[in-house]
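> model this:
(chains A and B)
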2 protein chains.
Amino acid sequence: MSARFELVATDGAARRGTLALAHGEVETPAFMPVGTAATVKTLDGDDIRALGAQIILANTYHLWLRPGRETLEALGGLHAFMAWDANILTDSGGFQVFSLEERRDVDDEGVRFKSHLDGSAHAFTPENVVGFQEALGVDVAMALDVCVKLPSSREDVAEAVRRTTLWARRCADARSREATALFGIVQGGLDDELRGRSARELVALDLPGYAIGGLSVGESRNDMYRVARSTAALLPADKPRYLMGVGTIPDLLSAIDGGIDLFDCVYPTRCGRNGRAMTFAGDLNIRNATFARDPRPLDATCRCRVCTTHTRAYLSHLFRANEMLGPRLLSYHNLAVLERLVTDARDAIAAGRWNGYRDDVRSRLPALERQAV
Amino acid sequence: MSARFELVATDGAARRGTLALAHGEVETPAFMPVGTAATVKTLDGDDIRALGAQIILANTYHLWLRPGRETLEALGGLHAFMAWDANILTDSGGFQVFSLEERRDVDDEGVRFKSHLDGSAHAFTPENVVGFQEALGVDVAMALDVCVKLPSSREDVAEAVRRTTLWARRCADARSREATALFGIVQGGLDDELRGRSARELVALDLPGYAIGGLSVGESRNDMYRVARSTAALLPADKPRYLMGVGTIPDLLSAIDGGIDLFDCVYPTRCGRNGRAMTFAGDLNIRNATFARDPRPLDATCRCRVCTTHTRAYLSHLFRANEMLGPRLLSYHNLAVLERLVTDARDAIAAGRWNGYRDDVRSRLPALERQAV
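Predicted coordinates for the structure are as follows:
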């Protein structure tokens, strides 16, 4: 498989690595901007490159429905379609399909569902989800998994683990493209025994990478931290570990501290569209009247294009005037914050000063946003 | 006054000039992207610079209401506020106020109006409109004018001309800032005699530039062309001439042909937000199903960043998926088309081949978009 992971340094459980994929190397820990529908909302490839991201995430469920496989193949695959020449990881769509609830029907064969766009009927199987991702030419494909909301009964979580393993095997058997690396997704809710079983069964498949799924779905932050860390410890040290759907500063600090290498989350771009700016001194709501004449940048320590160019006053005005440039600039800045966090984390781990860096960043966050790591 | 206009070349009535303003030179003919609320919608300064624009337009009415003079002054003026270091021209707000209709009340002193945002009461006078624009530190301020919708009675148009001259004199007397050049606005509807009177009265004030206002407000295209050309001929050859609110390819061709130097219009950005792409082969609706798998750029002859990067298929997808990147990319491209048109027009005029260029561009437009020049 075309995914070689090299562990460059460790500092405690924290890891500094390099993941070589078909479209270049990814320095880890890495945060992947989310481009659900073949666009990181409001940004294009030039912006993402300027942010320093070496990999972005797109979504099988959304791209399957629109523009669809035939269009994506006709245009030369997902990279060409969206004019992005670095790496792409696609989520399998499992998470989206299982969040449809009333619109889906699952058995061991796969999952039938109705489009949220037009109600049309579709079916995902482990095989066609791998086929779709390979047809798109992505660098990392995710196995189809069963994601349960939390809290759920132990029985439901165990059943999700059983089916996730069954489907991961079928995904592995369905592979036909060397340049697309298949990652498995560990499930098991908050149950240590089930997490352990899921991890063991997937690790036995010797996949080139593993994700921790089924978190950030309703559980407490402390539960999420605990399970992410204990699950990471069950995964092979020589493979990349990806915590799905995590993307705040304190969450990344905790997860990197627990040995996680890859992250994705809609948080920075969703916040950006809603006027919420992420900063190393805590999030702020740019619509707040207090910013209307504030000549400072969003974050005095940030070196991004937005912070070196624009004031809080201007950004505040853009949101009050409902100007599209506001969401764009805040999305860019928020992603810059997380890209800087992982960049600095990589340097700190490589230099053996991870604990100091982690504690320093945490100490500058407001008490409410700090969490035990 | 800080506006020196140099006529570099003429070819028939068409003019190639250089307008030196406080924030640098503007090569004319020039198209000014419209940044009503201190942002050219979806774009920031880096984008506008990349497009090659040397001057943009902002709007007194909108900025007066939001963010307001005190905020703009506190942040160091409009250039600093919006982080734009080239030239800015502000419209006087006359056009907006007179389009409020039921919400305004006019006499010789000025115009009282209610905000479209919150109904709050405001008053524009020639003096406070000049004071506002000077406080913002703009490079070109427009005199407060009276704009009538067409058709209107000769009496109403004559009254608008009378008041526009009265106000232009008071605007000229109110000037107190060397770096802000005051332009007058010729009114007079479609009436040659009234246009002549308005032009004569304003030219007597020896302002550094003149605009042709009161067009593109309901009259036919042929009427607009005829009056713009005949009015331009009444204006001094050694001052810049600005046709307000004009911004399609055939309209610019006709107006440049008649000796106009400056243009602004929301057309390219408004079209961009609505999925209408301007091309030298005619406008196209990117949402049209025919573009869903079209691998070509919007315009095969366009060298802009969008056309050298993205396919019609991708842009079509962005609009179908309601992705904000769609309006952004189309706005950028549409402005690039007009910036290229004026760039090529400048070269053609300087080289004495304006007629050939004009006819060539016109011949490539669909018959419906062609107009007599």
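
> switch to C-alpha atoms for all contacts and neighbour counts from now on
Fine.

> Sketch out the low-pLDDT regions of the stretch 1-150 of chain A for me.
A:1 (pLDDT under 70).

> if you set the cut-off to 90 instead, what comes out?
A:1-2, A:94, A:97-104, A:149-150 (pLDDT under 90).

> And the pLDDT for the residue nearest in space to the middle of chain A?
The centre of chain A sits closest to A:Asp264, judged by C-alpha atoms, centre = their mean, with a distance of 1.6 Å. Here the pLDDT value assigned to A:Asp264 is 98.

> isn't it right next to A:Gly35, touching?
No - using C-alpha atoms under 8 Å, A:Asp264 makes no contact with A:Gly35, being 10.1 Å away.

> Which residues are in contact with each of these two?
A:Leu57 (C-alpha atoms under 8 Å, 6 or more residues apart in numbering or on different chains).

> Quick check: what element follows the one helix or strand A:Asp156 maps to along the chain?
Using DSSP states H and E, A:Asp156 sits in helix A:154-174. Going down the chain from helix A:154-174, the next helix or strand is strand A:181-186, by DSSP H and E.

> State the paired neighbours of that following strand in the sheet, together with their directions.
strand A:140-142 (parallel), strand A:209-212 (parallel) (DSSP bridges).

> after the last one, next one along is what?
If I follow you right, that is strand A:209-212. According to DSSP H and E, the helix or strand after strand A:209-212 is helix A:221-232.

> Heading C-terminal from that following helix, find the next helix or strand.
Taking DSSP H and E, what comes next after helix A:221-232 is strand A:241-243.

> Next one: A:Gly245 from chain B, what distance?
Distance check for A:Gly245 against chain B: by C-alpha to the nearest C-alpha, to the nearest Å, it reads 21 Å.

> again, but for A:Pro297
A:Pro297 is 12 Å from chain B, by C-alpha to the nearest C-alpha.

> is it true that that residue lies in a strand?
No - applying DSSP: H, G, I helix; E, B strand; the rest coil, one finds A:Pro297 to be coil, outside a strand.

> Could you pull up phi and psi at it?
phi -70, psi 170 (degrees, to the nearest 10).

> any idea how far B:Pro151 is from the nearest residue to A:Arg320 once chain neighbours are set aside?
Leaving aside its chain neighbours, A:Arg320 sits nearest to A:Arg287 (6.6 Å; criterion: C-alpha to C-alpha, 6 or more residues apart in numbering or on different chains). Counting by C-alpha to C-alpha, to the nearest Å, the gap between A:Arg287 and B:Pro151 amounts to 43 Å.

> between those two, which one's more packed in?
A:Arg287 (19 against 12; other C-alpha atoms under 10 Å in any protein chain shown).

> next one: stretch A:252-272 to chain centre, how far?
7 Å (C-alpha atoms, centre = their mean, to the nearest Å).

> From start to finish, how long is it in a straight line?
18 Å.

> swap in stretch A:95-107?
16 Å.

> in that stretch, what counts as buried?
The neighbour-count check on stretch A:95-107 (16 or more other C-alpha atoms under 10 Å in any protein chain shown) flags A:95, A:97-98, A:104 as buried.

> which residues are contacting that stretch?
Stretch A:95-107 is touched from outside by A:61, A:111-116, A:145-148, with contacts defined as C-alpha under 8 Å, 6+ apart.

> Up against chain B, what does the stretch 251-373 of chain A have?
Residues of the stretch 251-373 of chain A lying close to chain B (C-alpha under 8 Å from any C-alpha of the partner chain) are A:292-293, A:295, A:309-311, A:313-314, A:317, A:321, A:323-325, A:328.

> A:Ala83 versus the residue lying closest to A:Thr36 once chain neighbours are set aside, what's the distance?
With sequence-adjacent residues excluded and distances taken as C-alpha to C-alpha, 6+ apart, A:Thr36 is closest to A:Ala58, at 4.4 Å. Distance from A:Ala58 to A:Ala83, counting by C-alpha to C-alpha: 13 Å.

> Tell me which of the two has more neighbours.
In this view A:Ala58 and A:Ala83 are compared by other C-alpha under 10 Å, and A:Ala58 has more residues nearby, 24 against 18.

> Three-state assignment for the residue nearest to A:Thr36, please.
strand.

> who are the neighbours in contact with A:Cys147?
A:Cys147 neighbours (C-alpha under 8 Å, 6+ apart): A:94-95, A:98, A:160, A:187, A:213-214.

> got any ranges where the stretch 251-373 of chain A has weak pLDDT?
A:367-373.

> If we ignore the residues flanking it in sequence, what's nearest the closest residue to chain B within it?
Minimum separation of the stretch 251-373 of chain A from chain B (C-alpha to the nearest C-alpha) falls at A:Leu325, amounting to 4.6 Å. Excluding the flanking residues, the one nearest A:Leu325 by C-alpha to C-alpha, 6+ apart is B:Thr42, at 4.6 Å.

> Was I right to think that neighbour contacts A:Asn322?
No - between B:Thr42 and A:Asn322 there is no contact under C-alpha under 8 Å: 10.8 Å.

> So for those two, which residue has more residues nearby?
B:Thr42 (27 against 12).

> wait, is the more buried one part of a helix?
No - judged by three-state DSSP, B:Thr42 forms no part of a helix; its state is coil.

> residue contacts, A:Glu323?
Taking C-alpha under 8 Å, 6+ apart as the test, what A:Glu323 contacts is B:39, B:41-42.

> A helix includes it, no?
No - under three-state DSSP, A:Glu323 falls outside any helix and is assigned coil.

> Roughly how far does it sit from B:Pro366?
Looking at A:Glu323 against B:Pro366, where the rule is C-alpha to C-alpha, the gap reads 33 Å.

> Check A:Val361 too.
From A:Val361 to B:Pro366 the distance is 60 Å (C-alpha to C-alpha).

> Tell me where the stretch 51-200 of chain A has strands.
A:55-59, A:87-91, A:104-107, A:110-114, A:121-124, A:140-142, A:181-186 (DSSP state E, counting those that start in this stretch).

> Fine by me, thanks again.
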